[in-house]
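Engineer: Sequence and predicted structure are below.
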Amino acid sequence: AEESKQQLRRVEGWFGLNQHITDACRRNDIERIKALLDEGCPIDECDEDGNSPMHVACGEGNIDVVRFLLSKGANHSERGRMGFTPLFRAVQADHVNVVNLLIRSGARVNIQNNYGVTPLHWCCVWGSLGSMAILLEQNAKIDVQQSNGQTPLHCAAIHGNTECVEMLLKKNCDISIKDGEGHTALEVASTSQVVSVLAQ
């Protein structure tokens with residue numbers, strides 16, 4: 001009977017408890033998270049949306065939850081859907097305090113998702129200037145190409161994030177790199193501002 005109970009608990013960990021813990025991480029409810037972990041909820045299991053508790057806490061900027069999860073042994077580089085790690089979630093929302101904490105805890109700044117996208121690419125997509133500054137200070141690779149050949153500069157140009165373009169130029173990024181379709185960042189720029197900065 002005890003073995004059946006344990007098996008049921010494991011099943012609940014997959015289908016029930018895990019959704020509860022990610023919800024608690026979203027709400028910044030550390031007491032609820034503690035209770036769920038005590039009940040046997042897996043700390044690194046991804047929910048039906050492909051997010052682990054750490055992904056959710058980082059995406060919401062709930063740094064106290066992030067600290068707590070790390071103290072309980074959570075994986076700061078757990079891969080969720082499409083290979084995104086918690087660092088991607090933090091940079092997307094530009095939660096710089098969480099980005100700093102993850103990097104101090106050992107998260108790799110040049111990690112790539114299933115499509116070769118790095119956190120620096122992601123900053124350039126979303127215009128996350130604070131996070132981008134941190135990644136550049138940590139020597140993030142500026143000219144790395146994702147699977148479609150785009151560099152962070154391509155991403156910044158496509159999304160019209162002029163300040164990201166300027167930050168990359170200051171780091172002497174290679175503006176001549178072509179993406180998989182043979183286009184440079186200047187050729188895919190979506191705004192006149194980005195064009196003027198790149199054409200200087």
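Structural biologist: Sure, I can see it. Here the structure is a predicted model, which means the values were calculated and not measured.

Engineer: can we go C-alpha only for contacts and neighbour counts from here?
Structural biologist: Will do.

Engineer: Quick one: list the elements packing against the helix or strand containing Ile33.
Structural biologist: Element membership for Ile33 (DSSP states H and E) is helix 30-38. Judged by 3 or more C-alpha pairs under 8 Å, 6 or more residues apart in numbering; DSSP states H and E, the packing partners of helix 30-38 are helix 18-26.

Engineer: Packing partners of the helix it packs on?
Structural biologist: The contact analysis (3+ C-alpha pairs under 8 Å, 6+ apart) places helix 18-26 against helix 30-38, helix 53-60.

Engineer: With just CA atoms, put the last one into CSV.
Structural biologist: Spelled out, it's helix 53-60. In CSV, the C-alpha atoms belonging to helix 53-60 read as follows (Å, rounded to 0.1, in the frame of the first residue of the first chain):
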residue,chain,number,x,y,z
PRO,A,53,9.6,26.6,-11.4
MET,A,54,12.9,28.3,-12.0
HIS,A,55,11.8,29.5,-15.5
VAL,A,56,8.6,31.0,-14.0
ALA,A,57,10.3,32.7,-11.1
CYS,A,58,13.0,34.2,-13.4
GLY,A,59,10.4,35.3,-16.0
GLU,A,60,8.4,37.1,-13.3
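
Engineer: So what angle separates the directions of that helix and helix 18-26?
Structural biologist: Using axes from the mean of the first three to the mean of the last three C-alpha atoms, to 10 degrees, the inter-axis angle of helix 53-60 relative to helix 18-26 is 30 degrees.

Engineer: Need the winner for burial among the helices and strands packed on helix 18-26.
Structural biologist: Most buried of the helices and strands packed on helix 18-26, by mean neighbour count (mean count of other C-alpha atoms under 10 Å): helix 53-60, with a mean of 28.

Engineer: Quick one: mean pLDDT for that one?
Structural biologist: Per-residue pLDDT over helix 53-60 has a mean of 97.

Engineer: Run the angle between that helix and helix 30-38 for me.
Structural biologist: 160 degrees.

Engineer: where does the protein dip in pLDDT?
Structural biologist: Across the chain, residues meeting the criterion (pLDDT under 70) sit at 1-16.

Engineer: Pull out the buried positions in the strand or helix carrying Leu101.
Structural biologist: Assigned by DSSP H and E, Leu101 belongs to helix 96-104. Neighbour-count burial for helix 96-104, counted by 16 or more other C-alpha atoms under 10 Å, picks out Val96, Val98, Val99, Asn100, Leu101, Leu102, Ile103.
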